[in-house]
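Asker: Here you go, sequence then predicted model.
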Amino acid sequence: MSDSKLTVGIADMKMAQGEGVLVTYALGSCIGLCFHDPRLRLGALLHIMLPINMETGRTHPLKYADTGIRETLKQMEARGAMRSRMTVKIAGGAKMFEIAGGSGLGNIGQRNIESVNAILKRENIRLLAQEVGGKVARTLFFDVGSGQGCVRSYGQKDIFF
């Protein structure tokens, strides 16, 4: 993986072309999505927090799966990416908290996973790999040149996908 790293914050997205590594930390119930157009060697890493944008005024589109994915696709297409070539790899969606009474709010990670999968399918983007669920926080590295992702979790072996 290349040495130059760009950090993607929570509810944020960054794009790079040719070479470079995009990284996002602290993926608990959040999901990191690695978008890649291999022909252009163009990649984007999106860090979403919640499944659907219910915000009036929609001032933080990158915070949500639906508006974040659409915004990322729009920006990649503006740089020449084509959906027919584009692939996505995702990580995150952990169940970080147990809530007494089995409240639906307790598993936002699972709702994020389902939402991301449904939106990618609707937008006709191929999901190549996912490292999701469980109960551990993850750090996600994405090499835009090769399209390779790496998931790192405390006390576990790195997972390359």
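Answerer: In hand now; what should we look at? All values reported here derive from a predicted model rather than from experimental measurement. Residues are numbered from 1 along each chain as shown.

Asker: Can you classify the residue nearest to V8 when sequence neighbours are not counted by secondary structure?
Answerer: Residue nearest to V8 in three dimensions, not counting chain neighbours: T24, with 4.2 Å by CB to CB, 6 or more residues apart in numbering. For glycine as for every other residue, the C-beta is placed from the backbone atoms N, C-alpha and C. Three-state call for T24 (DSSP: H, G, I helix; E, B strand; the rest coil): strand.

Asker: isn't T24 right up against A137?
Answerer: No: contact criterion CB atoms under 8 Å: T24 and A137 do not qualify, at 11.2 Å.

Asker: just to revisit the earlier point, identify the residues contacting the residue nearest to V8.
Answerer: T24 makes contact with 7-10, 12, 32, 45, 47, 139-140, according to CB atoms under 8 Å, 6 or more residues apart in numbering.

Asker: Over to P51?
Answerer: 64-66, 108, 111-112, 114-116.

Asker: Now the two most distant members of the residues you listed.
Answerer: Maximum pairwise distance in the contacts of P51, criterion CB to CB, is 14.7 Å, between D66 and I108.

Asker: Return the distance of the residue nearest the centre of the chain relative to F97.
Answerer: With distances taken as CA atoms, centre = their mean, the residue of the chain nearest its centroid is L33 (1.8 Å). With distances taken as CB to CB, to the nearest Å, L33 is found 22 Å from F97.

Asker: With V88 instead?
Answerer: Taking CB to CB, one finds V88 at 27 Å from F97.

Asker: more crowded one of the two?
Answerer: V88 (23 against 14; other CB atoms under 10 Å).

Asker: What's the separation between that one and G155?
Answerer: 27 Å.

Asker: same check, this time on G57
Answerer: With CB to CB as the criterion, G57 and G155 are 41 Å apart.

Asker: got it, and G149?
Answerer: Separation of G149 from G155 (CB to CB) stands at 20 Å.

Asker: Look at those two and report which has more neighbours.
Answerer: A count of neighbours by other CB under 10 Å puts G149 above the other of G149 and G155, at 26 against 5.

Asker: pretty sure that one is touching R138, no?
Answerer: No: G149 lies out of contact with R138 (CB under 8 Å); the separation is 10.6 Å.

Asker: Nice, that's everything, thank you.
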